[in-house]
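Enquirer: Here's my sequence, what's the structure:
(2 chains)
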Amino acid sequence: MDAAQKSPVTSFATIAALLFLYAPLAVVVLFSFHERPSLSFPFTGFSLRWYEQVFSSAEFGSAVRNSIVVGIASAATTLVLGTMAAYGLGRIPQRYRAFLAMLFFLPITLPGLFIGLSLLVFFVQIRVPLSLVTVTISHLIYVFPYFLLIAWAAVERLDPALEDTAADLGAGPWQVFWKVSFPQLWPILVGATSLAFALSFDEFVITFFVIGAESTLPMYIWSGLRRTIDPAVNTVSSILLLLTLALFSLAFLFAFGRRQLLAKSIRK
Amino acid sequence: MPIAAALRTAKGPFLLLLPLFAVTVVFVIVPLAVFVIYSFMTSALFSVALPFTFDAYEAAVRSPLNQSLAWNSIAIGLMTAAITTVIGLAVAYWLRYRAGRLQLPVLFLVSASIFASYLVRIYAWRTILGRNGLINSGLVEAGLIGEPLEFLLYNWFSVVVALVHIFLPYVVLVLFAAFRPLTPDYLETAQDLGATALARWQRVILPLMAAPTATGFLFVFILSASDFVTPQLIGGTGGQLLGVQIQTNFKAIGNWPVGAATSILMLLFFLMCYGIMQFALWTLKLDQIRWN
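Expert: Numbers count the residues shown, from 1 in each chain, chains lettered A, B, ... in the order given. Here you go, the predicted model:
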């Protein structure tokens, strides 16, 4: 298109959208370092007092530990079950594939409210007490569709001829997977697993219904939000933001960066 | 994990799918079925009892509170979806045709913001829009206003702002992906034939992007109309949604059948919206675009 005809409307919209998306987050982080408990201007000075207060809180410590345990348990289960399913989906007849994909993506098609409520009534009905176990199961349900979406696409891109060649050359099935498929897949699987962990780490909507007496990091923030203005909420939020954004960057780097690198090296 | 071995038999792929299939049936399908059954039962404080009736549905529909919250949910959902879709289209357009070398960094920023905690974002808006929040304290500090503005927080306005903030990145990504087959030469041809920027949007982009745009709109509408956290934290009295009442039925009142019936009616309404959208796209022949 002719440069003179380009209207600046969409450029402005993009800049405004990025500011709109990030400014509120920046504000939360900024005020986590405020020396006074007030969350309003003027900003009088920096201090680490809220971080000291948060890190010395036993409640915060146990919420973080719980979130990590639940995140690892649900992400690891997702890695195993999701990789197997991704392999299977690419190799079954089309008519089953559409049905199974619909089934597998149901948990992220429905709003979290319905998933959370149905899991709550289910656990109550089968008399399973609400605990971190019910939270982990619920997180598994919520994160595996995202994992599957990425892993399925990666498995589809594998060249079946490579696996067949390895098998023809006498590699056992175990060797074919570890020596041929896995080296091509692992960056994507690492990326998708960290994504699963990040989603679980930050999950609130479903957790809210299926959690027992324990707490997770988002539940800890929720209880802080229901109290009055508490600057420590900014600190905990900043920590949660930092952790999930770091995990996302890791996932992005592995799932996307590696693919770009690979594509470049192939073109060379 | 003898994957390759399993794949050599015809049943192999199904065996690999079995664990996840079992998990989905047990923890998604069965719970949803239990949930539907609950909606036909009789309330017994934080539990249910026999007999099976339609009473819960009747109570859910007749409740004046549910009725007003349902209208609120529709209004706030439509507003959020409209704003998000318009901004989403503009940003996706920029990413597709204008971004150049900035495409990957901006895509990264947009997708990263999805992972910024949902609760933290609602909280951020409470800090910004509140009576002593950043906008008010900043404006007072600058001497522009004498009294804090009251209309910013605890009403439908703050709920819409926070919901747009939550759903915008998803819509940008969905529409960006949808723009992919619409190569620049479509727009160049239109321009060569004398179409102005407005005409290009009206006659080329919007018809070709109708299906993904409508899908994105509906996605935001459904998710914001069923949100129950944002209105509780920053909705005040005017910005409450039906999801909050459903949650109250389960967690506070303990009337599970009415809560379940309300949820199911809401789901059926969403399904109906989806059906209407598909029918409209089909009637206008916008559902199956053939790209060459």
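Enquirer: who does the helix or strand where B:S73 lies touch, helix- and strand-wise?
Expert: Here B:S73 sits within helix B:64-93, counting by DSSP states H and E. Applying 3 or more CB pairs under 8 Å, 6 or more residues apart in numbering or on different chains; DSSP states H and E, we find helix B:64-93 packed against helix A:9-31, helix B:156-179, helix B:210-225, helix B:242-248, helix B:256-283. The way it works is simple: take the backbone N, C-alpha and C, and place the C-beta from them, glycine included.
Enquirer: Quick check: which of the ones you listed is nearest to A:I206?
Expert: Smallest distance to A:I206 across the helices and strands packed on helix B:64-93 (CB to CB): 12.2 Å, for helix B:242-248.
Enquirer: which residues touch that closest one?
Expert: With contacts defined as CB atoms under 8 Å, 6 or more residues apart in numbering or on different chains, helix B:242-248 is touched by A:113, A:117, B:65-66, B:69-70, B:72-73, B:225-228, B:231-232, B:235, B:259, B:262-263, B:266.
Enquirer: Redo the helices and strands packed on helix B:64-93 as a markdown table? Include distance to A:L81 and mean pLDDT.
Expert: Formatted as a markdown table, the helices and strands packed on helix B:64-93 follow (distance: least, CB to CB, whole Å; pLDDT from 0 to 100):
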| stretch | distance to A:L81 | mean pLDDT |
| --- | --- | --- |
| helix A:9-31 | 33 | 90 |
| helix B:156-179 | 25 | 92 |
| helix B:210-225 | 26 | 92 |
| helix B:242-248 | 30 | 89 |
| helix B:256-283 | 27 | 92 |
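Enquirer: Mean neighbour count and distance to A:F177 added to the ones you listed, as a markdown table?
Expert: Listed next are these as a markdown table, based on neighbours: other CB atoms under 10 Å in any protein chain shown; distance: least, CB to CB, whole Å:
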| stretch | mean neighbour count | distance to A:F177 |
| --- | --- | --- |
| helix A:9-31 | 17 | 41 |
| helix B:156-179 | 23 | 31 |
| helix B:210-225 | 22 | 37 |
| helix B:242-248 | 23 | 44 |
| helix B:256-283 | 18 | 40 |
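Enquirer: Read off the pLDDT value for A:P187.
Expert: If you check A:P187, the pLDDT there is 85.
Enquirer: Repeat that for B:I37.
Expert: With respect to pLDDT, B:I37 has a value of 91.
Enquirer: can you tell me which residues contact it?
Expert: For B:I37, the contact set (CB under 8 Å, 6+ apart) is empty.
Enquirer: can you give me the angle the host helix or strand of it makes with helix B:256-283?
Expert: Here B:I37 sits within helix B:30-38, counting by DSSP H and E. Counting by axes from the mean of the first three to the mean of the last three CA atoms, to 10 degrees, helix B:30-38 lies at 110 degrees to helix B:256-283.
Enquirer: Return the residues in contact with the closest residue to B:Y154 other than its chain neighbours.
Expert: The spatially closest residue to B:Y154, leaving aside those adjacent along the chain, is B:G236, at 2.8 Å (CB to CB, 6 or more residues apart in numbering or on different chains). Neighbour list for B:G236: B:L153, B:Y154, B:N155, B:S158 [criterion: CB under 8 Å, 6+ apart].
Enquirer: and of those, the nearest to A:P24?
Expert: So of the contacts of B:G236, ranked by how close each gets to A:P24 (CB to CB), first place is B:S158, at 11.9 Å.
Enquirer: B:S47 versus the closest residue to that closest one other than its chain neighbours, what's the distance?
Expert: Once flanking residues are discounted, B:S158 sits nearest to B:I234: 4.6 Å by CB to CB, 6+ apart. Using CB to CB, to the nearest Å, one gets 32 Å for the distance from B:I234 to B:S47.
Enquirer: ok, now A:L189?
Expert: 43 Å.
Enquirer: Neighbour count: these two, which is higher?
Expert: Using other CB atoms under 10 Å in any protein chain shown as the criterion, A:L189 and B:S47 rank with A:L189 on top: 21 against 14.
Enquirer: In which helix or strand does that one reside?
Expert: helix A:182-202.
Enquirer: Whichever helix or strand comes after that helix close to chain B?
Expert: For helix A:182-202, the succeeding helix or strand toward the C-terminus, using DSSP H and E, is helix A:207-210. Yes. Counting by CB under 8 Å from any CB of the partner chain, chain B has neighbours in helix A:207-210: A:F208, A:F209.
Enquirer: The helix or strand just after helix A:207-210 and chain B, are they touching?
Expert: The element immediately downstream of helix A:207-210 (helix or strand, assigned by DSSP H and E) is helix A:217-226. Yes. Counting by CB under 8 Å from any CB, chain B has neighbours in helix A:217-226: A:P218, A:I221, A:W222, A:L225.
Enquirer: In chain A, where's the longest helix?
Expert: Identified as the longest helix of chain A according to DSSP state H is helix A:58-89.
Enquirer: Give the other helices and strands that that one contacts.
Expert: So helix A:58-89, by 3+ CB pairs under 8 Å, 6+ apart, packs with helix A:94-109, helix A:132-157, helix A:182-202, helix A:217-226, helix B:3-7, helix B:12-24.
Enquirer: Buried residues in that helix, which are they?
Expert: A:60, A:63-64, A:66-68, A:70-71, A:73-75, A:77-79, A:81-89 (16 or more other CB atoms under 10 Å in any protein chain shown).
Enquirer: Next, the angle from it to helix B:12-24.
Expert: Between helix A:58-89 and helix B:12-24, the angle comes out at 150 degrees (the same axes, to 10 degrees).
Enquirer: tell me the mean pLDDT for helix A:58-89?
Expert: Per-residue pLDDT over helix A:58-89 has a mean of 92.
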